[in-house]
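Engineer: what's the 3D shape of this:
(chains A, B and C)
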Amino acid sequence: MPELPEVETIVRGLRGCILGKLIRSVHVFHKKPLGPLPEKEFKDFLCRETVQAVERLGKYIHFSFSSGKNMIVHLRMTGKFIFRFKPGSFHPATHIRIIFYFNDQSTLSFQDIRLFATFSLYLPHQIIKEKQNLGPDPFAKEITAPWFLDAVKNRKTSLKAVLLDQHVISGLGNIYVCEALHRARIHPNLSAYKITPSQAGKIINSIRKVLKLALKYNGTTIRDFNGVDNKSGRFQRLLRVYQRAGKLCKTCRKASVQRIKQAQRSTFFCPHCQS
DNA sequence: CTTAACGCCTGAAGGC
DNA sequence: TGCCTTCAGGCGTTAA
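Structural biologist: Residues are numbered from 1 along each chain as shown, chains lettered A, B, ... in the order given. Predicted coordinates for the structure are as follows:
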């Protein structure tokens, strides 16, 4: 479900709800999100821990606790955190997989329809695997046109596929890659290694521009995404190509948006703007 | 090293 | 109404 702006919206919401709170107990309704970790170990690890910080790592959410322990969550397609000040005061949601109970009666429920989401736990001195495998954040200073040209110099696949690769840059997904390439006026099928220095600069600028704007609107809600407060994002009305196949391009108003398949995912682009 | 294909899951939507 | 196919803000694994 979520990409950088949505995850950042969730992280900011979580900070407002759970920072400084102590986990009194944990209820696991489904073990799949825990992966190989036994349910008892998961609960024992988290019980009596106090939430010290919530940070975004690409599309991951990093919870750190006062003891130095860590929990890293990836929401994948349909993962969602729902915060409640008091238990049982809302109509019950389906597909709740885990509930965290805090010392002040508030709860954080984790919902995941498709069960793709993952939770992993790290002791204070363990190396967090996710940090090793991720490319830099789109807003990191090290991302410059020369850096990007070097990063893609051996990549003969499409620019679209490379931008979806979290080992290159972390945080982008299908919506914002489509939207950024549209704003940069580059065809998504262009081989990554063939881009010019000028195009590299345009890509970086477009990525940052579209992410900042989406963040301002609390992300994009197409079907599943909602913030911790259960409010939807508002960026969807500013999408220029994503899920607009057959509709007139909002940028040029001359051609209609096309949909193609790349790496088993839908790509949307304007054939007039992105020659 | 790189790439494409497959699998993991559930539910909504569209075609017939 | 029902059945079948396709689709969905993702990514780890596998095989070439």
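Engineer: drop to CA atoms for contacts and neighbour counts, all remaining ones
Structural biologist: Fine.
Engineer: all strands for chain A, in order.
Structural biologist: Here chain A has its strands, by DSSP state E, at A:23-28, A:51-57, A:60-65, A:70-74, A:79-84, A:96-102, A:107-112, A:118-122, A:258-262, A:265-269.
Engineer: now render the ones you listed as JSON lines, adding distance to A:Gly13.
Structural biologist: Formatted as JSON lines, these follow (distance: least, Cα to Cα, whole Å):
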{"stretch": "strand A:23-28", "distance to A:Gly13": "18"}
{"stretch": "strand A:51-57", "distance to A:Gly13": "10"}
{"stretch": "strand A:60-65", "distance to A:Gly13": "12"}
{"stretch": "strand A:70-74", "distance to A:Gly13": "15"}
{"stretch": "strand A:79-84", "distance to A:Gly13": "9"}
{"stretch": "strand A:96-102", "distance to A:Gly13": "16"}
{"stretch": "strand A:107-112", "distance to A:Gly13": "12"}
{"stretch": "strand A:118-122", "distance to A:Gly13": "19"}
{"stretch": "strand A:258-262", "distance to A:Gly13": "34"}
{"stretch": "strand A:265-269", "distance to A:Gly13": "30"}
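Engineer: those: which one's closest to DNA strand C?
Structural biologist: strand A:265-269 (4.6 Å; Cα to the nearest atom of the strand).
Engineer: buried stuff in the closest one?
Structural biologist: Using 16 or more other Cα atoms under 10 Å as the test for burial, strand A:265-269 gives A:267-269.
Engineer: now do that strand, average pLDDT.
Structural biologist: Strand A:265-269 shows a mean pLDDT of 96.
Engineer: and it with DNA strand C, contact?
Structural biologist: Yes - residues of strand A:265-269 are located near DNA strand C by Cα under 7 Å from any atom of the strand, namely A:265-266.
Engineer: that strand near DNA strand B anywhere?
Structural biologist: No - legend: contact between strand A:265-269 and DNA strand B by Cα under 7 Å from any atom of the strand is lacking; minimum distance shown is 9.3 Å.
Engineer: what distance do you get for the closest residue to A:Phe139 other than its chain neighbours to A:Ala140?
Structural biologist: Nearest-residue entry for A:Phe139: A:Arg208, 6.7 Å, with adjacent residues in sequence omitted and distances by Cα to Cα, 6 or more residues apart in numbering. A:Arg208 sits 10 Å away from A:Ala140, going by Cα to Cα, to the nearest Å.
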